[in-house]
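[1] Here is a sequence together with a model predicted from it:
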Amino acid sequence: DVKVTQSSRYLVKRTGEKVFLECVQDMDHENMFWYRQDPGLGLRLIYFSYDVKMKEKGDIPEGYSVSREKKERFSLILESASTNQTSMYLCASSLGGQGDEKLFFGSGTQLSVL
Amino acid sequence: AQSVTQLDSQVPVFEEAPVELRCNYSSSVSVYLFWYVQYPNQGLQLLLKYLSGSTLVKGINGFEAEFNKSQTSFHLRKPSVHISDTAEYFCAVSDGGGSTLGRLYFGRGTQLTVWP
């Protein structure tokens, strides 16, 4: 079965720390995405990537960066974590195509910044 | 950019009652439409999608949705819900023109709670 794995289910960090969220997919998918999910706000796209070493800003990229050195791995980086980045982070991947392919989601990482 | 409006943030219903979760999107030449479901402590999974053809789409777990182009709506329905349908439901739209490389625009979600 297809799988998107996020390295941590829960993470607690201090303000100002550099934080890495890792995501790995085993489906040879072209596209990978990072969303954050907040109550009442739904899912908001942070960054996405359609190829190795390629990245595109989503709707809320400020305070985040990403890295995609290998096709299967897409990392989200918080350069200096702040309390307003406390959230659920969801990674997803899709085969590619014209927007008609479904997304496969990981189980999420609940990040708390204290 | 597309926008998606889910009109109800919370929908409580009794078991075996019918339910409709409403979704409207901003108009475009062509769109792909999706409903995703998120069970507690899990990621999202696809419930159903509309790409083209018949406007009535059937998905998993007895859900169906109807695409209405004139009203730019894609409402989700189930004739008889179970307690296990308690979850958050997200409507999403993709620009079918292919320029956005598969990104989806999500609504804010509707929490469906089924009571015994």
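    That came in fine, so what should we check first?
[2] Below-threshold pLDDT in chain B: ranges please.
    B:27-29, B:96-102 (pLDDT under 70).
[3] quick one: A:Asn84 is in a strand?
    No - under the criterion used here (DSSP: H, G, I helix; E, B strand; the rest coil), A:Asn84 is helix, not part of a strand.
[4] Check the burial of it by counting its neighbours.
    A:Asn84 is flanked by 8 other residues according to other CB atoms under 10 Å in any protein chain shown. (Each C-beta comes from the backbone N, C-alpha and C, glycine too.)
[5] how about the strands of chain B, start to end?
    Under the criterion DSSP state E, chain B contains strands at B:4-5, B:10-14, B:19-21, B:24-25, B:31-38, B:44-50, B:56-58, B:64-68, B:73-78, B:87-95, B:104-106, B:110-115.
[6] swap that for chain A, please
    Using DSSP E, strands in chain A cover A:4-6, A:10-13, A:19-21, A:23-25, A:31-38, A:42-49, A:56-57, A:64-70, A:73-78, A:87-94, A:104-105, A:109-113.
[7] And the average pLDDT for the third one is what?
    Averaged over strand A:19-21, pLDDT sits at 97.
[8] Also the last one?
    For strand A:109-113, the mean per-residue pLDDT is 96.
[9] again, but for the first one
    Confidence over strand A:4-6 (mean pLDDT, whole number) is 95.
[10] what separates that strand from the chain centre, distance-wise?
    For strand A:4-6, the separation from the chain centroid amounts to 10 Å (computed by CA atoms, centre = their mean, to the nearest Å).
[11] Poorly predicted segments of chain A, please.
    A:1-2, A:97-100.
[12] Give me the most central residue, it.
    When CA atoms, centre = their mean is applied to chain A, the residue found nearest the centroid is A:Trp34 (2.7 Å).
[13] again with chain B
    Chain B has B:Trp35 as the residue nearest its centroid, 3.2 Å off, counting by CA atoms, centre = their mean.
[14] give me the beta-bridge partners of that residue?
    B:Leu48, B:Cys91 (DSSP bridges).
[15] Now distance to A:Gly40 too, for the strands of chain B, in a markdown table please.
    Shown next, in a markdown table, are the strands of chain B (distance: least, CB to CB, whole Å):
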| stretch | distance to A:Gly40 |
| --- | --- |
| strand B:4-5 | 13 |
| strand B:10-14 | 10 |
| strand B:19-21 | 16 |
| strand B:24-25 | 18 |
| strand B:31-38 | 14 |
| strand B:44-50 | 17 |
| strand B:56-58 | 27 |
| strand B:64-68 | 23 |
| strand B:73-78 | 19 |
| strand B:87-95 | 11 |
| strand B:104-106 | 13 |
| strand B:110-115 | 10 |
